[in-house]
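> sequence and computational prediction follow.
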Amino acid sequence: MKGKLKFNMKALNWEKILIAVIVIMLIIAAFYAVKYFVGDDDSVPFEMLSEDQIPQKIQEILPRYKNLERALACKVDGEIFVITTRGEKPTGGYTIQIDRIEKFKEDDKTKMIVYTTFKDPKPGDIVTQVITYPYVVVKTDLKELPDKIELKIKYND
């Protein structure tokens, strides 16, 4: 009788382990399902603007910021624009790409992080021999300006 009881305990433990694994898998699946159907609320959709699409007001203030390496946001005619600048560069061939923009609340303030990729010309590349000020302007669907903006840079070799 004692041997039989021991066998049932082992079977019971395997059942508990199997149930625990199934529950964990269901929780993980539910988490991903919610994230898939609800979407990523932190992500900010944006549209890259060409030179002729940039509003005149932004073109007027841009010279004040082109010397700096930073991200900033401004509101023009009720629309929010994000500007990313690289500062002064000795030649052409330096580029900026905005990969994504995220917005979230931190201490009751809205914070935005602009993730960018900077690309520099390779040694030996033929580039214009003139000082340049690379920048990118994007239009977002935000309604209000964030309280704080952070620029996260990744260099592409």
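Here it is on my side, so go on.
> please make it C-alpha for all contacts and neighbour counts, starting now.
Will do.
> show me what counts as buried in stretch 124-132.
residue 132 (16 or more other C-alpha atoms under 10 Å).
> what's the neighbour count on residue 143?
If you count neighbours by other C-alpha atoms under 10 Å, residue 143 ends up with 10.
> isn't it right up against residue 77?
No: at 11.1 Å, residue 143 and residue 77 do not qualify as touching, with contact defined as C-alpha atoms under 8 Å.
> quick one: contacts for residue 155?
For residue 155, the contact set (C-alpha atoms under 8 Å, 6 or more residues apart in numbering) comprises 117-120.
> Three-state assignment for it, please.
At residue 155 the chain is in strand, as set by DSSP: H, G, I helix; E, B strand; the rest coil.
> quick one: the residue nearest to it when sequence neighbours are not counted from residue 94, how far?
Of all residues not flanking residue 155 in the chain, residue 118 sits nearest, at 4.8 Å (C-alpha to C-alpha, 6 or more residues apart in numbering). According to C-alpha to C-alpha, to the nearest Å, residue 118 and residue 94 sit 7 Å apart.
> do the same with residue 51
Residue 51 sits 17 Å away from residue 94 when distances are taken as C-alpha to C-alpha.
> likewise residue 25?
Per C-alpha to C-alpha, residue 25 is found 47 Å from residue 94.
> so between those two, which is more surrounded?
More crowded of residue 25 and residue 94, by other C-alpha under 10 Å: residue 94, with 19 against 12.
> so residue 114 bridges to which residues?
Beta-bridge pairing for residue 114 (DSSP bridges): residue 101, residue 151.
> tell me, how many residues neighbour it?
The tally of other residues near residue 114 (other C-alpha under 10 Å) stands at 22.
> also residue 92?
For residue 92, using other C-alpha under 10 Å, the count is 18.
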